[in-house]
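> got a predicted structure plus its sequence, pasted below:
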Amino acid sequence: MSVLLDSESTIGMDLYATSTPGINGRLKKIPEHFIVEEIPLDIPRSDTGIYVVLEIESRNWETNRLLKAISAQLRVSRHAIKIAGTKDRRAIKRQYISFRGDMNEISRINLNDFRIVNAFRSNKGIDLGKLWGNKFSIIVSDIEYSDQVTSDYIKNTLDELNGTFPNFFGQQRFGVLRPVTHLVGKEIIHRNWKEAVRLYVGNPVKEEDVEVYNARKFFDDSFDANQSIKLYPGKLTFETAILNQIIKSNSDYENGFSVLSKNLQMMFVHAYQSYIFNKLLSLRMKEVGDLNTLFLGDRIFPVSREQGVMEDKIITVDNYNISKIESKISEKKAVLALPIVGHSFTFSNGKPGEFEHKVIDESELPLFMNPDHREFSSTGYVRSANGFLFDLKWNVRDNHAFFDFNLTKGCYATVFLREVMKTSPANYG
């Protein structure tokens, strides 16, 4: 186990699970170096089904922007299109979407770097989180070590991981160049709307291009929405939309967020919850040394090859079952579950509760219920502390490392690969 870069500590990832040196290198040099394909649960087909289900392939599309573009061409609400999960932007992605409508309407969709792979009707629509997981084919490029050294480092890292890795929320959850979504989320639950707007619309970072940096800095310094909006480039569509709303509402910063879709609004709150989870996971690793040691009061999920992590079957560790569960953990048939805070969260008993109290601010818990903005409310849930690697294959040649593997839903390929690479977050794409 080793300590990592300060830049990742800002999102709660305080250490690595492995001590083998990283291969460094770069992810997503081109989108074709990061291919992800959804592994769906069963979607029964029916010629008379009420849903149109599309298997789609996109290149270099951010999920929310893609769905907005599709909904515009279908002439339906963005909320009418359902997905199982969001995907990395800089990638080749295959995923499923569904909507109620006429199959003939899909002929209207004409987007660059996009195609419909398959289309059918079903009486069962796609729902968020209702998938087994994802299949990845990834190339790490620009490796400076010899192929032999790279292979040795990868092998040693994989031996240390032994088929699992800490299930952190990855950099994409918070922003790669500008990891701020969790900071915005914290201000939202505290109802500090002006600061939330400043952090998202302003708050410049030098890694962004000069035009974007200067626009953000002007707003950060002046809070003058009328003048700032003239400086923002067209690609910053969400920031521009918020500024427009602020202008229309006579500097009502709370109202500024109302122009964003519900999914985008919740992204901020979810990011703050994710940050707290990452901090708790890091603390557990630092104080215990691993994620397999159990204490009375811990919660676990069963795990199977067929169903993955069974999040609907939470078991609490007690004096009667601890020995059996420890055996299941060692066989990779069970996994520790840690909480994601929300207004319904309750602290665990015993040692797990002590860990939780060190990270979680009890006074914030009621704030996750916002009676004025239900779209910002969240109950919380529990999440697997470890991710599981399925069907991993890898090889190295010509200063590139090639990986093929499957992950259950909610796990980040980049979080696994950060153990292998141990490089700057900017190199994860």
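Received it, and whenever you're ready, just let me know what you need. Just so you know, these numbers come straight off a predicted model, no measurement behind them.
> any weak-confidence spans in the chain?
Across the chain, the ranges flagged by pLDDT under 70 are 1-7.
> now with 80, please.
By pLDDT under 80, the low-scoring segments of the chain are 1-7, 261-263, 305-307, 370-376, 429.
> now the helices for it?
With DSSP state H as the criterion, the chain has helices at 6-9, 63-74, 147-161, 181-189, 193-201, 210-222, 225-228, 237-248, 253-256, 262-288, 322-330, 350-359, 413-421.
> what helices or strands is the longest one leaning on?
Spelled out, that is helix 262-288. Under the contact definition 3 or more CB pairs under 8 Å, 6 or more residues apart in numbering; DSSP states H and E, helix 262-288 sits against strand 15-16, helix 181-189, strand 334-340, helix 350-359. Just so you know, the C-beta spots here come from the backbone N, C-alpha and C atoms, and that holds for glycine as well.
> which parts of that helix are buried?
263-285 (16 or more other CB atoms under 10 Å).
> residues in contact with residue 150?
Counting by CB atoms under 8 Å, 6 or more residues apart in numbering, residue 150 makes contact with 23, 143, 396, 399, 401.
> repeat that with 6 Å
23, 143, 396 (CB atoms under 6 Å, 6 or more residues apart in numbering).
> next: residue 35.
Neighbouring residues of residue 35 by CB under 6 Å, 6+ apart: 92, 137.
> gap between it and residue 420?
In this view, residue 35 and residue 420 are 17 Å apart by CB to CB, to the nearest Å.
> on that earlier part again, closest to residue 133 out of the helices of the chain?
helix 413-421 (10.5 Å; CB to CB).
> name the helices or strands packed onto that closest one?
helix 147-161 (3 or more CB pairs under 6 Å, 6 or more residues apart in numbering; DSSP states H and E).
> put the alpha carbons of the helix it packs on into PDB.
The C-alpha trace of helix 147-161 is given here as PDB (Å, rounded to 0.1, in the frame of the first residue of the first chain):
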ATOM      1  CA  ASP A 147       8.200  -3.900 -22.600                       C
ATOM      2  CA  GLN A 148       9.800  -6.300 -20.100                       C
ATOM      3  CA  VAL A 149       9.900  -3.800 -17.200                       C
ATOM      4  CA  THR A 150       6.300  -2.800 -18.000                       C
ATOM      5  CA  SER A 151       5.200  -6.500 -18.000                       C
ATOM      6  CA  ASP A 152       6.900  -7.100 -14.700                       C
ATOM      7  CA  TYR A 153       5.200  -4.100 -13.100                       C
ATOM      8  CA  ILE A 154       1.800  -5.100 -14.400                       C
ATOM      9  CA  LYS A 155       2.200  -8.700 -13.200                       C
ATOM     10  CA  ASN A 156       3.400  -7.600  -9.700                       C
ATOM     11  CA  THR A 157       0.500  -5.100  -9.400                       C
ATOM     12  CA  LEU A 158      -2.100  -7.700 -10.400                       C
ATOM     13  CA  ASP A 159      -0.600 -10.200  -7.900                       C
ATOM     14  CA  GLU A 160      -1.000  -7.600  -5.200                       C
ATOM     15  CA  LEU A 161      -4.600  -6.900  -6.200                       C
END
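> contacting residues for the residue nearest to residue 39 when sequence neighbours are not counted?
Closest residue to residue 39 apart from its sequence neighbours, by CB to CB, 6 or more residues apart in numbering: residue 132 at 4.4 Å. By CB under 6 Å, 6+ apart, the residues touching residue 132 are 39, 41, 308.
> and the first one, what are its bridge partners?
Spelled out, it's residue 39. Beta bridges link residue 39 to residue 133 when assigned by DSSP bridges.
> among the contacts of residue 150, which are in strands?
residue 396 (DSSP state E).
> and the contacts of residue 150, which are buried?
23, 143, 396.
> looking at the residues you listed, which is nearest residue 372?
residue 23 (49.1 Å).
> still on that earlier bit, can you pick the most crowded of the contacts of residue 132?
Highest neighbour count within these: residue 308, with 23 neighbours (other CB atoms under 10 Å).
> quick one: the closest residue to residue 196 other than its chain neighbours and residue 181, what's the gap?
Excluding the flanking residues, the one nearest residue 196 by CB to CB, 6+ apart is residue 187, at 3.8 Å. Distance from residue 187 to residue 181, counting by CB to CB: 11 Å.
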